[in-house]
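Trainee: coordinates for the following, if possible.
(one chain, ligands or ions: 3)
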Amino acid sequence: MSNSNERKNRIILHMDMDYFFAQCEEREHPEIKGKPVVICVYSGRGGDSGAVSTSNYEARKLGVKAGISINQAKKLAQDAVFLPVNRELYHNRSEEVMGILKGYCDKIEQESVDEAYCDLTEKVTDFEEARLLALKLKDEIRQLVDLTCSVGIGPNKLIAKIASDYQKPDGLTVIRSEEVLHFLAPLKITDLIGVGKKTGEKLNELGVKIIVDMSKLPIDRLIREFGQAKGLWLKQASNGIDDSPVEERQGTEQIGRIITLKENTNELQIILDAIDQLSGDVYMKLQSRNLGFKSISFIAISADLKTHTKTLTMGGPAKDVETIRIKAHELVKSFLLEHPNPLRRVGIRISNLVEEKGQKTLGDY
Ligand code: DGT
Ligand code: CA
Ligand code: CA
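Mentor: Ligands and ions are numbered 1, 2, ... in the order given. Sure thing, here's the model as predicted:
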């Protein structure tokens, strides 16, 4: 008989792509591999005004990190390759990676463009099996998308996330339940997700620098300093306790799916057959959320792993599978006329999603 009050022993995986934007660019432009690469967000005020979004590890060695100004980065790394952000590219790569991850567990919680949690509790029997699964996942992402990531596995989201950041790049860190306290003890308090700069400074004033210091503070002291909820959370987090579930997020911006073709091809009929299958999948998701769409894109990844996207936007919203199919076919045909080379992966994405008429939205009440 299982006790319903018993805390379930979970196995949670967190995946974070390595130097994500810069790594995507390295794949797109193989000639820049090995050089420092800096991805820039230009402010639009002209010249080099703007900030660094991310950089590869070669550039980080020179001190070029996210957040510094482009001017400063150019001083630190004169010979680096400077590229503007190409969000469409990163988005497509992200979708491919998340698609692979979804094949490993029923439910993923995508945290940002380059990271996600995945609950493996029902998939594996122990941490060793989870480790083997993570190796397979990393390998598949490398084979199919040609990107590296770092993975952390732990008994909850908090530990899994810290573990994925522990060895980078291309890391894999597994923290079993009984190793949690030992693992956390020497880490900086700001390594706990949720302890920001302000909380960190306040804790420093209390003489707390590393996690083990905080785990030793009496709970009422923490509550006095930070209030009931936060104080309690800090106490639990410093002891590696986190019960938050892995929850699928329903982003409303777009719905997409990409698959790998059995073999690289530019044959229209094979691609259209794949598109029909994808149309059905995308339609199911659209329908389950009671939405309509105005834009549809065809995503093509060629044999050399370059990503192309072709989008069309309609005058008004549609919500039926036939429109998805017909519009996607149009996009494929015109794409193949422009790019007759064999494709490796194909996908469709619908965006510009709108609430279906007749459905009451929260604003109606
Ligand atoms: P990592 O995970 O340490 O190997 O490096 P990244 O670059 O993957 O860093 P991460 O996971 O914090 O962020 C993922 C992507 O998000 C990153 O490639 C670029 C973007 N990003 C991160 N920080 C910033 C920022 O401060 N500004 C802007 N615009 N983008 C950022
Ligand atoms: Ca990352
Ligand atoms: Ca990240």
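Trainee: ok, K319 - contacts?
Mentor: L286, Q287, L291, G292, F293, E356 (C-beta atoms under 8 Å, 6 or more residues apart in numbering). Where you see a C-beta, it was placed from the backbone N, CA and C, and this is true even at glycine.
Trainee: scan those residues and report the most crowded one.
Mentor: Among the contacts of K319, F293 has the most neighbours (other C-beta atoms under 10 Å), with 24 neighbours.
Trainee: can you tell me how far it is from ligand 1?
Mentor: From F293 over to ligand 1 the distance is 26 Å, taken as C-beta to the nearest ligand atom, to the nearest Å.
Trainee: how many residues are close by the closest residue to that residue other than its chain neighbours?
Mentor: Counting by C-beta to C-beta, 6 or more residues apart in numbering, F293 lies nearest to I350, which is 3.9 Å off, once chain neighbours are set aside. Around I350 there are 27 other residues, counting by other C-beta under 10 Å.
Trainee: list the buried residues of the helix or strand harbouring I350.
Mentor: Taking DSSP states H and E as the criterion, I350 maps to strand 343-355. Buried positions in strand 343-355, judged by neighbour count with 16 or more other C-beta atoms under 10 Å: L343, R344, R345, V346, G347, I348, R349, I350, S351, L353, E355.
Trainee: so the residue nearest to F293 touches S295, yeah?
Mentor: Yes: the pair I350 / S295 is scored as a contact, 6.8 Å apart, by C-beta atoms under 8 Å.
Trainee: quick one: contacts for I348?
Mentor: So I348 contacts G256, R257, I275, L278, S279, V282, I296, S297, F298, I299, I324, A328 (C-beta under 8 Å, 6+ apart).
Trainee: among those residues, which one lies nearest to ligand 1?
Mentor: Nearest to ligand 1 among those, counting by C-beta to the nearest ligand atom, is G256 at 19.0 Å.
Trainee: ok, what's across the strand from that closest one?
Mentor: R349 (DSSP bridges).
Trainee: what's the spacing between the nearest residue to N341 once chain neighbours are set aside and R27?
Mentor: Distances taken as C-beta to C-beta, 6+ apart place S302 nearest to N341, at 5.4 Å, with adjacent residues excluded. Relative to R27, S302 is positioned 12 Å away (C-beta to C-beta, to the nearest Å).
Trainee: report the beta-bridge partners for whichever residue of the stretch 101-250 of the chain sits closest to ligand 3.
Mentor: At 4.1 Å from ligand 3, E115 is the closest residue in the stretch 101-250 of the chain, using C-beta to the ion. Beta bridges link E115 to D16, S112, judged by DSSP bridges.
Trainee: and L343, how far is that from G240?
Mentor: 46 Å.
Trainee: then G34?
Mentor: Distance, G34 to G240, using C-beta to C-beta: 39 Å.
Trainee: comparing the two, which residue is more hemmed in?
Mentor: The neighbour comparison of G34 against G240 (other C-beta under 10 Å) goes to G240, with 24 against 10.
Trainee: contacts only, for that one.
Mentor: Contacts of G240 by C-beta under 8 Å, 6+ apart are P155, N156, L158, I159, V180, L181, F183, L184.
Trainee: kindly recompute the last result at 6 Å.
Mentor: I159, V180, L184 (C-beta atoms under 6 Å, 6 or more residues apart in numbering).
Trainee: so the last one makes contact with V212?
Mentor: If I follow you right, that is L184. No: with contacts counted by C-beta atoms under 6 Å, L184 stays clear of V212, the gap being 7.3 Å.
Trainee: these two - which one has more neighbours?
Mentor: L184 (24 against 16).
Trainee: most widely separated two among the buried residues of strand 343-355?
Mentor: Largest separation among those by C-beta to C-beta: R344 and E355, giving 35.8 Å.
Trainee: all helices of the stretch 1-150 of the chain, in order?
Mentor: 20-28, 57-61, 70-76, 87-102, 127-145 (DSSP state H, counting those that start in this stretch).
Trainee: give me the angle between the longest helix that the chain contains and strand 343-355.
Mentor: Counting by DSSP state H, the longest helix found in the chain is helix 268-288. If you take axes from the mean of the first three to the mean of the last three C-alpha atoms, to 10 degrees, helix 268-288 sits at 30 degrees to strand 343-355.
Trainee: give the next helix or strand downstream of helix 268-288.
Mentor: In N-to-C order, the element after helix 268-288 by DSSP H and E is strand 291-302.
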